[in-house]
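Novice: Provided below are the primary sequence and the corresponding predicted coordinates.
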Amino acid sequence: MFWTDWGTNPAILKAGMDGSTPLPIVNSQLRWPNGIAVDHGASRIYWMDANTDIIETTTFDGGDRQIVSTSAPIRHPFGLDVFENSIFWSDWTTHMIQVHFDPSS
C-alpha cells in the first residue's frame, strides 16, 4: 500500500498490506503531499502537493520521479485518480474536477 504524510517530514511511503516494512520512497521536495493514486498497469504512483500545486509521479520504488505537465491550471489540488491515459484531480479553490490526457502513455 502507498500513502502520503504531511507531518514534520513529509513523505510518500509504502508498506506491505499488513503494514509491515514501512518505507519512505519519496522524502524530499515535498510540503503537503496528498491525493495519491496508483497506476498498477504502469507500476507508478501519482500524487499532488497542495502547497506547491504540482502533480508528480514515480515508480513504485521511488525512481524516475517526474512532474506531470498539465494544460489545466492547478490552484489547490485535493483528490486524484488515474484511469488509462488520463489523470483526474479535484481543486479546492476552483471547485472543479480537472483532467489531463496524455496520449503518449
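Specialist: Happy to help now that I have it.

Novice: mind checking how far T8 is from L30?
Specialist: 12 Å (CB to CB, to the nearest Å). Where you see a C-beta, it was placed from the backbone N, CA and C, and this is true even at glycine.

Novice: Which one of those two is surrounded by more residues?
Specialist: More neighbours surround L30 than the other of T8 and L30, with 20 against 5 (other CB atoms under 10 Å).

Novice: so what's that one scoring on pLDDT?
Specialist: Note for L30: predicted pLDDT of 95.

Novice: In contact with it, which residues are there?
Specialist: Residues near L30 by CB atoms under 8 Å, 6 or more residues apart in numbering: P10, A11, I12, D49.

Novice: How much space separates it from F101?
Specialist: Taken as CB to CB, the span from L30 to F101 is 26 Å.

Novice: So what does I54 look like in phi/psi?
Specialist: Per-residue torsions, I54: phi -130, psi 160 (degrees, to the nearest 10).

Novice: quick one: it and R65 touch, right?
Specialist: No: applying CB atoms under 8 Å, one finds I54 not in contact with R65, separated by 11.4 Å.

Novice: circling back: can you flag which of the contacts of L30 belong to helices?
Specialist: Among these, DSSP state H puts none in helices.

Novice: Filter the residues you listed down to just the buried residues.
Specialist: P10, A11, I12, D49 (16 or more other CB atoms under 10 Å).

Novice: And the pLDDT at the first one?
Specialist: Okay, so that is P10. 96.

Novice: List the contacts of it.
Specialist: Applying CB under 8 Å, 6+ apart to P10 gives the contacts T4, N27, L30, R31, W32, P33.
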